[in-house]
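J.: Sharing a model prediction with you, sequence too.
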Amino acid sequence: MTVALRTSGLGKHFGGVRAVTDVSLALPRGSRHAIIGPNGAGKTTLINLLTGMLPPSEGEVYLGEHRVTRLRPDQRVKRGLARTFQINNLFPDLTVMQCMLLAVCEQRGAAIEPWRPIARCSAELTAARDVLRLLRLDGAEDTIVRELAYGDQRLVEIGLALACRPRVLLLDEPAAGVPKGESQALFRVIADLPGDVTVLFVEHDMDIVFRFAQRITVLVSGAILTEGPPEQIARDPMVKQVYLGDRG
Amino acid sequence: MSTALLAIEHLTAGYGDAVILEDVSFALPRHGSLALLGRNGAGKSTLIASVMGLTRVRAGVVAFDTADITRWRPHRRAHAGLGWVPQEREVFPSLSVTENLTVIGRAGPWTVARVQELFPRLAERAGNLAHQLSGGEQQMLAIARALMLNPALLLLDEPFEGLAPLIVEEVERAIGQMKREGMAVLLVEQHVDAALRLCDQTVVLERGKLVHAGASVQLREDRALLESLVTLRADAR
């Protein structure tokens, strides 16, 4: 089994508050892995540790064979680790196409040629359009991002991550704000990503989690409560008690 | 002027030069509950923003409790009894959880103790600054803060987003309790079944125009009509 992303004893504390404690994960290449847990369990903090947005208090992060614990977020992106944010983190005054081009050009190293006319960036334009078509945003190329409906802004957020051509894609509540039918379609897009792309996602919509995750890790109070395939997690009485409730 | 608690009459509104809502009319009775449904981009959040005075109204009237509030500033609307839980939470990041709750608190059945009973997590994090909370915790705080206003009408823009399933159940129960206590509720929610279950009336928007208004039970019992209006696979929540 080739491991795409691995953590070892990963932890983060803020003063006396232990947000993440001794988290060890191993995601095989191409896997679809969900992290669930009560609000405040440390899920987003864990994503921030994986991406380098936060330095860990202890433990290590490995991308493939390489330890990336001390790398900056942008260095991790260059190595194939892309993410989306729980609350949209976009360029609100740019058009959808401009946003996408920025990501594509950065990923391809073309961003260091600021005076190169966009019209001559045909490969980048094609790549950006491919991502927009994948997310059914091709009709919104010229729309200013802040004028998009919130759900469509979520799609742009995911598009930016996809434009980075990630080997590991981290999605923090990707379906938040996306209409139910569209979130299913969105996850079908994610599920249909090339088989060697590994996806780790945080999500509260259990319909989506149980449909698309191959394995689920349950995080409670910053620590792993349990981990397993969806059918095992759905039956786990502890998980029902602390997270799923009656409708789980 | 209508005697409804909230009356939207021929409202045309948007942002800057962009017109998002066109000629929308509906009424929400006193103590009533109304689900606002529609596809992504239909204008649901814009309608709520218009009720709160955050859009450019080009035509029509927003009336609340018999007063024409179309030109009122947002804070005046809040004082008049309109509570709002925005989709993007917008808690006060540099205030503590308790300060977020008390800074706008008004006398009424919802007190700090009661919202902490609804969301025990907020009691545990009472002294933390709002920006230190997780997304779900901020969502709880946004709902709790709106309740502390003890509004006559609560506008909820996707209140379940980011909440764990157990907490969703709690919030659903709380909305039921609010209705029983006489608070009117206007709910925008992607989880269609939850919205239809919680609200007596439903309005559906499509590209800024009202395309359906009626009792929620009608859409609950007529799935074909529901799907034709919102083309959503209503979920199991």
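T.: Ah, there it is.

J.: What's the separation between whichever residue of chain A sits closest to chain B and residue A:86?
T.: Across chain A, the shortest distance to chain B (Cβ to the nearest Cβ) belongs to residue A:39, at 2.9 Å. Heads up, the C-betas are built off the backbone N, CA and C, glycines and all. Distance of residue A:39 to residue A:86, given as Cβ to Cβ, to the nearest Å: 11 Å.

J.: For those two, list the residues in contact with both.
T.: B:135, B:162 (Cβ atoms under 8 Å, 6 or more residues apart in numbering or on different chains).

J.: Not counting sequence-adjacent ones, nearest residue to the residue of chain A closest to chain B?
T.: Nearest-residue entry for residue A:39: residue B:136, 2.9 Å, with adjacent residues in sequence omitted and distances by Cβ to Cβ, 6 or more residues apart in numbering or on different chains.

J.: Which secondary structure element is home to the closest residue to residue A:8 other than its chain neighbours?
T.: Closest residue to residue A:8 apart from its sequence neighbours, by Cβ to Cβ, 6+ apart: residue A:60 at 4.7 Å. In the assignment (DSSP states H and E), residue A:60 maps to strand A:58-63.

J.: okay, that strand in CSV with CA atoms only?
T.: Taking Å, rounded to 0.1, in the frame of the first residue of the first chain, the C-alpha atoms of strand A:58-63 are listed here in CSV:
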residue,chain,number,x,y,z
GLU,A,58,4.3,17.8,18.5
GLY,A,59,4.4,15.1,15.9
GLU,A,60,5.1,14.9,12.1
VAL,A,61,3.3,15.2,8.8
TYR,A,62,4.5,13.2,5.8
LEU,A,63,3.4,13.7,2.2
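
J.: If we go by neighbour counts, what in it is buried?
T.: A:59, A:61-63 (16 or more other Cβ atoms under 10 Å in any protein chain shown).

J.: What is the nearest of the residues you listed to residue B:33?
T.: Here the nearest of those to residue B:33, counting by Cβ to Cβ, is residue A:61; it sits at 47.2 Å.

J.: Spell out which residues of chain A are next to chain B.
T.: Neighbours of chain B within chain A, by Cβ under 8 Å from any Cβ of the partner chain: A:14, A:37-41, A:43-45, A:86-87, A:147-152, A:173, A:176-184, A:204-207, A:242-248.

J.: let's see it at 6 Å
T.: Chain A comes close to chain B at residues A:38-40, A:44, A:86, A:149, A:151, A:176, A:179-181, A:204, A:206-207, A:243-245, A:248, as judged by Cβ under 6 Å from any Cβ of the partner chain.

J.: For chain A, which segments count as strands?
T.: A:3-14, A:17-23, A:26-28, A:32-36, A:58-63, A:66-67, A:81-84, A:168-172, A:198-202, A:215-220, A:223-228 (DSSP state E).

J.: In JSON lines: the ones you listed, plus mean pLDDT and distance to residue B:205.
T.: Listed next are the strands of chain A as JSON lines, based on pLDDT from 0 to 100; distance: least, Cβ to Cβ, whole Å:
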{"stretch": "strand A:3-14", "mean pLDDT": "96", "distance to residue B:205": "42"}
{"stretch": "strand A:17-23", "mean pLDDT": "94", "distance to residue B:205": "40"}
{"stretch": "strand A:26-28", "mean pLDDT": "97", "distance to residue B:205": "41"}
{"stretch": "strand A:32-36", "mean pLDDT": "96", "distance to residue B:205": "32"}
{"stretch": "strand A:58-63", "mean pLDDT": "97", "distance to residue B:205": "45"}
{"stretch": "strand A:66-67", "mean pLDDT": "96", "distance to residue B:205": "50"}
{"stretch": "strand A:81-84", "mean pLDDT": "92", "distance to residue B:205": "27"}
{"stretch": "strand A:168-172", "mean pLDDT": "94", "distance to residue B:205": "29"}
{"stretch": "strand A:198-202", "mean pLDDT": "95", "distance to residue B:205": "30"}
{"stretch": "strand A:215-220", "mean pLDDT": "96", "distance to residue B:205": "36"}
{"stretch": "strand A:223-228", "mean pLDDT": "97", "distance to residue B:205": "41"}
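
J.: Distance to residue A:191 for the ones you listed - can I get that in JSON lines?
T.: Shown next, in JSON lines, are those (distance: least, Cβ to Cβ, whole Å):
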{"stretch": "strand A:3-14", "distance to residue A:191": "16"}
{"stretch": "strand A:17-23", "distance to residue A:191": "25"}
{"stretch": "strand A:26-28", "distance to residue A:191": "15"}
{"stretch": "strand A:32-36", "distance to residue A:191": "7"}
{"stretch": "strand A:58-63", "distance to residue A:191": "22"}
{"stretch": "strand A:66-67", "distance to residue A:191": "27"}
{"stretch": "strand A:81-84", "distance to residue A:191": "16"}
{"stretch": "strand A:168-172", "distance to residue A:191": "12"}
{"stretch": "strand A:198-202", "distance to residue A:191": "8"}
{"stretch": "strand A:215-220", "distance to residue A:191": "14"}
{"stretch": "strand A:223-228", "distance to residue A:191": "20"}
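
J.: per-residue pLDDT, the residue in chain B positioned nearest to chain A?
T.: Closest residue of chain B to chain A, Cβ to the nearest Cβ: residue B:136 (2.9 Å). Looking at residue B:136, its pLDDT stands at 86.

J.: same for the helix or strand it falls within, what does it pack against?
T.: Assigned by DSSP H and E, residue B:136 belongs to helix B:135-148. Contacting helix B:135-148 under the criterion 3 or more Cβ pairs under 6 Å, 6 or more residues apart in numbering or on different chains; DSSP states H and E are the following elements: strand B:82-85, helix B:97-102, helix B:120-124.

J.: any idea how far the helix or strand of chain A with the lowest mean pLDDT is from the chain center?
T.: The helix or strand of chain A with the poorest confidence is helix A:180-191; it has a mean of 77 (mean pLDDT, DSSP states H and E). Centroid separation for helix A:180-191 versus its chain: 14 Å, with Cα atoms, centre = their mean, to the nearest Å.

J.: would you list the helices and strands packed on helix B:135-148 in CSV and tack on mean neighbour count?
T.: Formatted as CSV, the helices and strands packed on helix B:135-148 follow (neighbours: other Cβ atoms under 10 Å in any protein chain shown):
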stretch, mean neighbour count
strand B:82-85, 25
helix B:97-102, 20
helix B:120-124, 17
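
J.: so which of those gets nearest residue A:92?
T.: Per Cβ to Cβ, nearest to residue A:92 of the helices and strands packed on helix B:135-148: strand B:82-85, 21.2 Å.

J.: Can you give the strand pairings for that closest one, parallel or anti for each?
T.: Using DSSP bridges, the strands paired with strand B:82-85 are strand B:153-157 (parallel).

J.: what angle do the strand it pairs with and helix B:135-148 make?
T.: 160 degrees (axes from the mean of the first three to the mean of the last three Cα atoms, to 10 degrees).

J.: So for the helix or strand containing residue B:202, mean pLDDT?
T.: Taking DSSP H and E as the criterion, residue B:202 maps to strand B:201-206. Mean per-residue pLDDT for strand B:201-206: 96.

J.: before we move on, the earlier item: mean pLDDT and distance to residue B:175 for the helices and strands packed on helix B:135-148 - can I get that in CSV?
T.: Shown next, in CSV, are the helices and strands packed on helix B:135-148 (pLDDT from 0 to 100; distance: least, Cβ to Cβ, whole Å):
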stretch, mean pLDDT, distance to residue B:175
strand B:82-85, 94, 11
helix B:97-102, 96, 18
helix B:120-124, 91, 17
